[in-house]
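> sequence and computational prediction follow.
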Amino acid sequence: MSRWAAILAGGAGTRFWPVSTRSHPKQFLPLAGTEPLLADAVARLEGLVPPARTLVLTGRHLLEATRSLLPHIPPGNVLAEPRAASTGPALTWATVHAATGDADASVLSLHADWVIEDPEGFRRTATVALETAEHHDVLVTVGIVPTRPDIGYGYIEPGSPLDDRARTVVRFSEKPDAARAAALVAEGALWNSGMFAWTARRFLEETAAHAPEIAPHLPRLETGDVDGFFEGVTPIAVDVSHLERSKRVAVVPGSFGWDDVGTWAALARIRAHDAADNVGVGRAILHESCNCVVWAGDDTVVLDGVRDLVVVRAGDVTLVTTRDRAPSLKALLDTLPDDLRNR
């Protein structure tokens with residue numbers, strides 16, 4: 001049985017505008033340090049899954065840039081989707097690809113834009129997830145042990161034990177309000193990380209049983225007609241098409257410093273900050289200011305006597321918003337002229 005990794009790297013990263021653009025999205029940005037998030041995602045697989053069995057799913061317009069960023073990944077392992085159809089069809093393609101030479105293959109599904117503080121802890125948890133999928137013949141989701149109630153994440157409510165490392169799933173709860181988030185954390189619910197593991201056989205059986213948006217088009221994929229497959233499927237997230245519908249789902253808890261870095265404000269969690277809780281990337285000078293996040297790019301940004309701001313400089317565009325409003329950046333983009341939004 002071979003083990004594969006499938007890294008989802010096709011997102012637009014609109015919440016990191018104006019630095020993140022269609023041709024240079026979030027996963028290409030060094031948000032956590034000196035390397036792009038996608039390069040970090042591949043590097044932390046060392047010792048877990050080799051480059052020869054690492055698949056990267058992205059859009060066709062990002063194909064060459066992705067291959068250039070990842071020279072150790074075989075070019076044929078960068079799978080360029082003909083159209084964006086969400087994670088259900090993308091991971092079905094990756095799973096069929098992994099199973100082509102090994103029907104007993106197992107797959108670890110990851111996102112390209114996470115920050116992981118403890119790579120070794122990540123690899124240990126990923127190994128448990130794969131072993132659980134292989135030994136119990138289930139779809140596995142990794143649930144992050146919460147560090148706080150957070151309305152930005154979905155939650156997993158664990159059920160009865162499968163063994164001493166995994167439990168069944170009672171239900172998935174979508175992003176709750178503050179009171180519900182606090183209650184879920186108190187009850188032992190876990191954050192839904194979007195990190196999954198399964199065997200190819202089990203995943204494809206669950207596709208046939210529970211994913212009518214995808215299943216009728218599998219024959220095209222199995223004969224190599226990728227364009228036809230993506231033309232026929234209905235876009236759907238794998239959480240919905242498989243995890244929420246299947247009765248064969250388990251959760252493995254993880255605690256390895258996971259952060260999905262969803263907004264500019266998240267840099268305050270993952271970057272070093274000064275005594276006034278300011279985070280500055282690039283030449284950022286902050287005077288009598290606190291709780292600010294500054295991305296200066298190639299320029300210089302100076303703040304004086306302000307608090308709770310996010311200031312981002314990218315080329316000839318400067319974004320100024322508040323940390324509270326940073327999660328709503330997409331709503332701003334919808335109001336901007338096309339040439340500015342799609343710069």
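Nice, I can see it.
> who's in contact with the most centrally placed residue in the chain?
Taking C-alpha atoms, centre = their mean, the centroid of the chain lies closest to His111, which sits 3.1 Å from it. His111 sits next to 7-9, 11, 41, 194-195, 260 when contact means C-beta atoms under 8 Å, 6 or more residues apart in numbering. The way it works is simple: take the backbone N, C-alpha and C, and place the C-beta from them, glycine included.
> Throw the residues you listed into a markdown table and include distance to Leu309 and secondary structure, thanks.
Shown next, in a markdown table, are the contacts of His111 (distance: C-beta to C-beta, whole Å; DSSP: H, G, I helix; E, B strand; the rest coil):
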| residue | distance to Leu309 | secondary structure |
| --- | --- | --- |
| Ile7 | 33 | strand |
| Leu8 | 32 | strand |
| Ala9 | 30 | coil |
| Gly11 | 26 | coil |
| Ala41 | 30 | helix |
| Gly194 | 30 | strand |
| Met195 | 33 | strand |
| Asp260 | 22 | coil |
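> what two of those residues are the furthest from one another?
Using C-beta to C-beta, the two most remote members of the contacts of His111 are Gly11 and Met195, lying 15.4 Å apart.
> just the element for Val301, please.
According to DSSP states H and E, Val301 maps onto strand 293-304.
> for that strand, which positions count as buried?
With burial defined by 16 or more other C-beta atoms under 10 Å, the residues of strand 293-304 counted as buried are 293-297, 301, 303.
> any idea which of those residues is closest to Gly33?
Closest approach to Gly33 among these (C-beta to C-beta): Trp295, at 13.7 Å.
> run through the residues that contact that closest one.
Going by C-beta under 8 Å, 6+ apart, Trp295 touches 19, 264, 267, 281-282, 284, 311-314.
> from these, which land in strands?
Applying DSSP state E to the contacts of Trp295, the entries found in strands are 281-282, 284, 311-314.
> give me phi/psi at Lys26?
Lys26 adopts backbone torsions of phi -50, psi -40, taken as degrees, to the nearest 10.
> and for it, the neighbour number?
24 (other C-beta atoms under 10 Å).
> and if you look at the one 10 residues further on?
Neighbours of Pro36 under the rule other C-beta under 10 Å: 21.
> thought it was touching Leu69?
Yes. At 6.3 Å, Pro36 counts as touching Leu69 under the criterion of C-beta atoms under 8 Å.
> and for those two, which residues touch both?
Taking C-beta under 8 Å, 6+ apart as the criterion, Pro36 and Leu69 both touch Phe28.
> re the thing from before, most surrounded residue in the contacts of Trp295?
Within the contacts of Trp295, Trp264 tops the neighbour count with 27 neighbours, counted by other C-beta under 10 Å.
> check contacts around it.
Residues near Trp264 by C-beta under 8 Å, 6+ apart: 15-16, 293, 295, 310, 312, 321, 323, 326, 329.
> farthest pair within the residues you listed?
Spatial extent of those (C-beta to C-beta) is set by the pair Phe16 and Arg323 at 14.3 Å.
> neighbour-wise, which of those two wins?
Phe16 (26 against 19).
> distance check, that one against Leu329.
In this view, Phe16 and Leu329 are 8 Å apart by C-beta to C-beta, to the nearest Å.
> pull up the overlap in contacts between the two.
Counting by C-beta under 8 Å, 6+ apart, the residues touching both Phe16 and Leu329 are 263-264.
> how about the nearest residue to Thr168, chain neighbours excluded?
Leaving aside its chain neighbours, Thr168 sits nearest to Gly159 (4.0 Å; criterion: C-beta to C-beta, 6 or more residues apart in numbering).
> confirm that neighbour sits in a strand?
Yes. Under DSSP: H, G, I helix; E, B strand; the rest coil, Gly159 sits within a strand.
> where does His217 land in three-state SS?
Under three-state DSSP, His217 falls in the helix class.
> now do the contacts for it.
Here His217 is in contact with 228-229, 232-233 (C-beta under 8 Å, 6+ apart).
> now the buried members of the residues you listed.
Neighbour counting with 16+ other C-beta under 10 Å marks 229, 232-233 as buried within those.
> dump the helix or strand Val128 falls within to PDB, restricted to CA.
Take DSSP H and E as the rule and Val128 turns out to sit in helix 119-136. C-alpha atoms of helix 119-136 as PDB (Å, rounded to 0.1, in the frame of the first residue of the first chain):
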ATOM      1  CA  PRO A 119       6.000  20.100  11.900                       C
ATOM      2  CA  GLU A 120       7.000  17.000  13.800                       C
ATOM      3  CA  GLY A 121       3.700  17.000  15.700                       C
ATOM      4  CA  PHE A 122       1.900  17.500  12.300                       C
ATOM      5  CA  ARG A 123       3.700  14.400  10.900                       C
ATOM      6  CA  ARG A 124       2.800  12.300  13.900                       C
ATOM      7  CA  THR A 125      -0.900  13.300  13.600                       C
ATOM      8  CA  ALA A 126      -0.900  12.700   9.900                       C
ATOM      9  CA  THR A 127       0.500   9.200  10.400                       C
ATOM     10  CA  VAL A 128      -2.200   8.400  12.900                       C
ATOM     11  CA  ALA A 129      -4.800   9.700  10.400                       C
ATOM     12  CA  LEU A 130      -3.500   7.500   7.600                       C
ATOM     13  CA  GLU A 131      -3.200   4.500   9.900                       C
ATOM     14  CA  THR A 132      -6.800   5.000  11.100                       C
ATOM     15  CA  ALA A 133      -8.100   5.200   7.500                       C
ATOM     16  CA  GLU A 134      -6.200   2.100   6.600                       C
ATOM     17  CA  HIS A 135      -7.000  -0.100   9.600                       C
ATOM     18  CA  HIS A 136     -10.600   1.000  10.200                       C
END
